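[1] model this:
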Amino acid sequence: MYQKSNNYSSRASRPYRSGGFSNSRFSSNRGGYRFGNQRRPVSKLTHNTGIFIKKADLTHPNEEFTPVNSFTDFNLHRLVKENILARGYIQPTPIQDQAIGPIIEGRDLIGLAGTGTGKTGAFLIPIINKIFIERTHKALIIAPTRELAQQIREEFYKLTEGMKIYSTLVIGGANMNRQIWDLRRNPHVVIGTPGRLKDLVQQKCIYVADYDTFVLDEVDLMVDIGFIADIKFFLGLLPKVRQSLFFSATISPKIREILQSFVKDPVTVSIKKAESDANIDQDVVRVIDKSKKIDQLHDLLIKDDFKKVLIFGRTKHEVEKLHKELEIRGFKTGAIHGNKTQGHRQRILQSFKQSAIQILLATDVASRGLDIENVTHVINYDLPETYDDYIHRIGRTGRAGNKGTALTFIDS
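    Residues are numbered from 1 along each chain as shown. Have a look, this model is predicted:
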């Protein structure tokens, strides 16, 4: 276990000026946090620190998966198969193995799978094939966050090389007029987040009934961050004749209500992912003196093995304040949260992916779906609200068979 704070007394040799960091009373607009003395959620995990301590178990490697199908077995156009191969896909993942066939056949589908299972390819591959064969088809894909929507769009680009199938990304934080112009070009696929899509529907810039294939991705996260009313809004506009694809890690009563309105006679594919934290050393950092919490973080970050670090804070204002303090102390950092433009968020993510910066600070906008290679450490500077949030946060490290480390700051 990492030592307690009274042992963190050293400082980096580089000079720095203290920014007087303290926990901000400002907070996120989407997560239900409020300003000042008004109520905001308190983590449900405060009194159960044992859940944050666990050693990585590398002695039981994941069982090797043998797919029933190969990509050549699926009824896909030659160009689609060539792009799959060029993308580097050797064999289908479990969800791709079970989902691509029924989607090609036109069935509605419920995919129960978490991030990192290959579900983006599972729905994009048959959608691209369908549109390439018959150009009148159009698809609308809804994802909970800008980053997830952007990643779907990037995957779409790679799988449609040379096919002249076009997409538009409609997300907050980006120029709406440009998005409206793109929509006028009648793209085959629209990928967006609920808030911006709803704005464009209400402005009559996009007509949901024009689309015959719909994808709701990461529905559990959409519900968690308050988009359930927006989802119901879209469901009320869907055409009767459609193909509906639904992906979620879990199905709560609220999600089941959405399902009943969305899919008809669906195929259900459930993928049990290997224990997501098996490759992650988990431990706590006990904060004895809150005024020196930032100093404890500093003394961790100067260690040689903290090469690529993702730090989570509770609110966008707290994340921004911590980002500025670490910059003052000489660290190469970037921050992504709701107050940043989409262009800025994408630039920061690319810098972190390419290791141009050592540290990425984020709210829970980065806790799901982001695929960033070789993150050595995840640090929960502020406690997540729930254990599910914790698992999603630390899942950004220990990926692709690598060992990772997750540290959680705990007030003593």
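[2] where do the helices sit along the stretch 201-350 of the chain?
    Assigned by DSSP state H, counting those that start in this stretch, the stretch 201-350 of the chain shows helices spanning 219-224, 228-235, 253-262, 293-301, 316-328, 342-353.
[3] mind putting those helices into CSV with mean pLDDT and mean neighbour count?
    Placement of C-beta: from N, CA and C, glycine included. Formatted as CSV, those follow (pLDDT from 0 to 100; neighbours: other C-beta atoms under 10 Å):
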stretch, mean pLDDT, mean neighbour count
helix 219-224, 86, 22
helix 228-235, 93, 16
helix 253-262, 90, 14
helix 293-301, 96, 21
helix 316-328, 94, 21
helix 342-353, 87, 18
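[4] export these to TSV and tack on distance to Val189?
    Shown next, in TSV, are those (distance: least, C-beta to C-beta, whole Å):
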stretch	distance to Val189
helix 219-224	19
helix 228-235	16
helix 253-262	19
helix 293-301	41
helix 316-328	30
helix 342-353	19
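[5] would you list the phi and psi of Ile359?
    For Ile359, the backbone dihedrals are phi -130, psi 130 (criterion: degrees, to the nearest 10).
[6] what count of nearby residues applies to it?
    23 (other C-beta atoms under 10 Å).
[7] show me what contacts the closest residue in space to it that isn't next to it in sequence?
    Nearest non-adjacent residue to Ile359, counting by C-beta to C-beta, 6 or more residues apart in numbering: Thr333, 4.3 Å away. For Thr333, the contact set (C-beta atoms under 8 Å, 6 or more residues apart in numbering) comprises His323, Leu326, Glu327, Ile357, Gln358, Ile359, Leu360, Leu361.
[8] how about Asn380: what's its closest non-neighbour residue?
    Spatially, and ignoring its direct neighbours in sequence, Asn380 is nearest to Thr408 (4.1 Å; C-beta to C-beta, 6+ apart).
[9] so that neighbour, which of the three states?
    strand (DSSP: H, G, I helix; E, B strand; the rest coil).
[10] please tell me how far it sits from Arg393.
    Distance, Thr408 to Arg393, using C-beta to C-beta, to the nearest Å: 9 Å.
[11] list residues touching both of the two?
    When contacts are counted by C-beta under 8 Å, 6+ apart, the set common to Thr408 and Arg393 consists of Asn380.
[12] burial count for the closest residue in space to Asp305 that isn't next to it in sequence?
    In space, and not counting its chain neighbours, Asp305 is closest to Thr376: 6.5 Å by C-beta to C-beta, 6+ apart. Residues lying near Thr376 (other C-beta under 10 Å) number 17.
[13] and Thr376, what does it touch?
    Taking C-beta under 8 Å, 6+ apart as the contact definition, Thr376 lies against Asp305, Phe306, Lys307, Lys308, Val309, Thr397, Gly404, Thr405.
[14] buried subset of those?
    In the contacts of Thr376, burial by neighbour count holds for Phe306, Lys308, Val309, Thr397, Gly404, Thr405, counting by 16 or more other C-beta atoms under 10 Å.
[15] mind picking the lowest-pLDDT entry from those?
    Minimum pLDDT across those is recorded for Thr397, with 88.
[16] pLDDT weak spots in the stretch 1-150 of the chain?
    Applying pLDDT under 70 to the stretch 1-150 of the chain flags the ranges 1-48, 58-64.
[17] tell me where it has helices.
    Using DSSP H, counting those that start in this stretch, the helices of the stretch 1-150 of the chain run over residues 78-86, 94-104, 119-133, 146-159.
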